[in-house]
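Peer 1: what shape does this take:
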Amino acid sequence: MMDHSLCTLIEADVAVIPHESMRDPTARCPGIAATLWRDTLIDSATFREWMVGMGRRSAFQRVAYLFCEAHLKLQGVGLAGSFRCPLQVTQVDLSDALGLSNVHVNRVLQSCVARA
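Peer 2: Down below sits the predicted model:
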């Protein structure tokens, strides 16, 4: 049972697969079980990294980390390259994801532009 919710920033098709439906395939195919376990470990590591980041990183570092993580994930599925990727988010979306105010995110982004 999930103890949190999920949402998308853009339109998406989402499927829910009941746990019971996964019991037989994972029992018959150990590779499927190993892949799902690896995915769980990666998600856990990502979660821990975000928890550390929320308490220890500056606002600039939080924004940079989010952009780097998004780029790497999009690159992994062939949607990014040459240090560029589509990122359909607003400053409000960024502030919600990073635990920062909209004003602070705006200042960080402006300082990034000034540095470039």
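
Peer 1: helix, strand, or coil at S21?
Peer 2: helix (DSSP: H, G, I helix; E, B strand; the rest coil).

Peer 1: count the residues that sit near it.
Peer 2: 9 (other Cβ atoms under 10 Å). C-beta coordinates here come from the backbone N, C-alpha and C atoms, glycine included.

Peer 1: buried sites along stretch 20-33?
Peer 2: T26 (16 or more other Cβ atoms under 10 Å).

Peer 1: going forward can the numbers begin at 31, since that is how I track them
Peer 2: From this message on, residue numbering opens at 31, which makes the last subject stretch 50-63.

Peer 1: what residues go with each domain of this protein?
Peer 2: What the record gives for the chain is the domain set 50-86, 88-146, from automatic domain parsing.

Peer 1: looking at the ones you listed, which is nearest to E41?
Peer 2: Nearest to E41, of all the domains of the chain, is domain 88-146, at 10.5 Å by Cβ to Cβ.
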